[in-house]
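K.L.:
Sharing a model that was predicted from the sequence below.
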Amino acid sequence: MGVLMMWDRIKALISPIAPVVGGLVGGPVGASVGTLLSNALGVEATPEAIEQELKRNPDALIKIKQMESDERAQLRTLTYRHAELESEERKLALVQQHQTMQTELKSEDAYVRRWRPTFGYAVCLAWSLLFLGLFIVMVVSPEKASEVINSVVAMTPLFGIALTVLGINIHKRSQDKQCQAGMTPKTLKQLKDSVAGVVPS
């Protein structure tokens, strides 16, 4: 964790002057970028040495900016590799997510398989009871309606969280059905792009 924090500090120092290098620091190709930084600054290829040089030497950022210009070709290659590795990490996370969903679907425990519908019904019931109670108050004791409405407004953040979770559950349920059908579920970004008419590259 300490090393990651050091790279984050280095990234913050470098990014305003050398955005390409800063964007690669601490990422999947961080070791290669660290070597370029250490060569440019004339220090060891460690986050401690690089950070100390950046803080000690006012000309260090100028050297890194020059290195970014001189090593354009190598940095371009590293940028492509960075994107590929991040894409592979996202794919792995998606595969693991699908495996978790499949395990959930195959579970012998009925509650594990049905907790999403249960949550949906619970939110629906709470929502219905809330508005039914509000309707009754407005009919029986209209003078108290404003107080009840204010109470409902105060509960809006709670319902907002519940509805957000419900929306995610609905999306995951759609992915479950696609997995059962042998299809590869679309991510939320792919769904948004398809709605917006964006053609994937």
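P.N.:
Cool, got the structure.

K.L.:
make it CA atoms for all contacts and neighbour counts henceforth
P.N.:
OK.

K.L.:
Pull the contacting residues for residue 149.
P.N.:
Residue 149 makes contacts with residue 134, as judged by CA atoms under 8 Å, 6 or more residues apart in numbering.

K.L.:
Can you tell me the element it falls in?
P.N.:
Assigned by DSSP states H and E, residue 149 belongs to helix 145-154.

K.L.:
buried sites along that helix?
P.N.:
Buried residues in helix 145-154, counted by 16 or more other CA atoms under 10 Å: 145, 148.

K.L.:
what's the offset of that helix from the middle of its chain?
P.N.:
35 Å (CA atoms, centre = their mean, to the nearest Å).

K.L.:
now do stretch 44-64
P.N.:
The answer for stretch 44-64 is 31 Å, by CA atoms, centre = their mean.

K.L.:
now the helix or strand where residue 69 lies: mean pLDDT?
P.N.:
Residue 69 is part of helix 60-70 when elements are defined by DSSP H and E. Averaging pLDDT along helix 60-70 yields 86.

K.L.:
starting at the chain centroid, how far to it?
P.N.:
For helix 60-70, the distance to the chain centre is 31 Å (CA atoms, centre = their mean).

K.L.:
Residues contacting it, please?
P.N.:
14, 17, 18, 20, 21, 36, 37, 40, 41, 53, 54, 75.

K.L.:
So which of those residues is the closest to residue 120?
P.N.:
residue 20 (45.2 Å; CA to CA).

K.L.:
what stretches of this structure score poorly on pLDDT?
P.N.:
1-3, 94-95, 97-113, 169-201 (pLDDT under 70).

K.L.:
redo that, cut-off 90
P.N.:
For the chain, the stretches with pLDDT under 90 are 1-131, 133-135, 137-201.

K.L.:
Nearest to residue 128 among the contacts of helix 60-70?
P.N.:
Nearest to residue 128 among the contacts of helix 60-70, with distances taken as CA to CA, is residue 20, at 52.8 Å.

K.L.:
Can you tell me the element the nearest residue to residue 16 once chain neighbours are set aside falls in?
P.N.:
Using CA to CA, 6 or more residues apart in numbering and skipping residues adjacent in sequence, the residue nearest residue 16 is residue 22, 8.0 Å away. In the assignment (DSSP H and E), residue 22 maps to helix 19-24.
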